[in-house]
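1. Got a predicted structure plus its sequence, pasted below:
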Amino acid sequence: MQSENRFFDDLAKMVNGIAGTVAGAGREAEAAMRDRAKEFVGRMDFVSREEFEAVKQMAATARAEAEALKARLDKLEGAANPAATPKAATRPAAKPAAQAAPKAAPRKPKA
């Protein structure tokens, strides 16, 4: 009877050893895949979350400053010309590309 008990003890030890080995291999495979994913993302030239948030904040600040400057400009234009028509009529419309003045030809350097 003791021989059967010893057989099961050895079998249990062997199964525990195999389970530990499989768990270790799983952890190694997960770490290797994580490293490969980091390398792949690194080659894609993605930005980090911190960099993205910093640029997002800079854009929001620039937008707020531009709006403040636009309001100040509108106020100054209104003060300079109190009889001015509404804002839409005060600014000339942009010329279409076909009507824009042609660019001057580049000058040749003197030799």
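-> Done, it's in.

2. domains of the chain?
-> The record assigns the chain these domain ranges, following automatic domain parsing: 1-46, 47-82.

3. can you put those domains in a markdown table and add mean pLDDT?
-> Conversion of these to a markdown table gives the following (pLDDT from 0 to 100):
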| stretch | mean pLDDT |
| --- | --- |
| domain 1-46 | 85 |
| domain 47-82 | 92 |
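
4. and these as TSV, adding mean neighbour count?
-> To be clear about C-beta, it is placed using only N, CA and C from the backbone, and glycine gets the same treatment. As requested, those are exported to TSV (neighbours: other CB atoms under 10 Å):
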stretch	mean neighbour count
domain 1-46	9
domain 47-82	10
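
5. which element follows the lengthiest helix in the chain toward the C-terminus?
-> Assignment by DSSP state H gives helix 2-43 as the longest helix of the chain. Following helix 2-43 in sequence order, the next helix or strand is helix 49-80 (DSSP states H and E).

6. and that next one, what does it pack onto?
-> Of the remaining helices and strands, none touches helix 49-80 by 3 or more CB pairs under 8 Å, 6 or more residues apart in numbering; DSSP states H and E.

7. ok, 10 Å please
-> Contacts defined by 3 or more CB pairs under 10 Å, 6 or more residues apart in numbering; DSSP states H and E place helix 49-80 against helix 87-90.

8. What average pLDDT does the helix it packs on get?
-> The average pLDDT for helix 87-90 rounds to 53.

9. Tell me how far Gln57 lies from Ala64.
-> Distance check for Gln57 against Ala64: by CB to CB, to the nearest Å, it reads 11 Å.

10. got it, and Gly78?
-> Distance of Gly78 to Ala64, computed by CB to CB: 21 Å.
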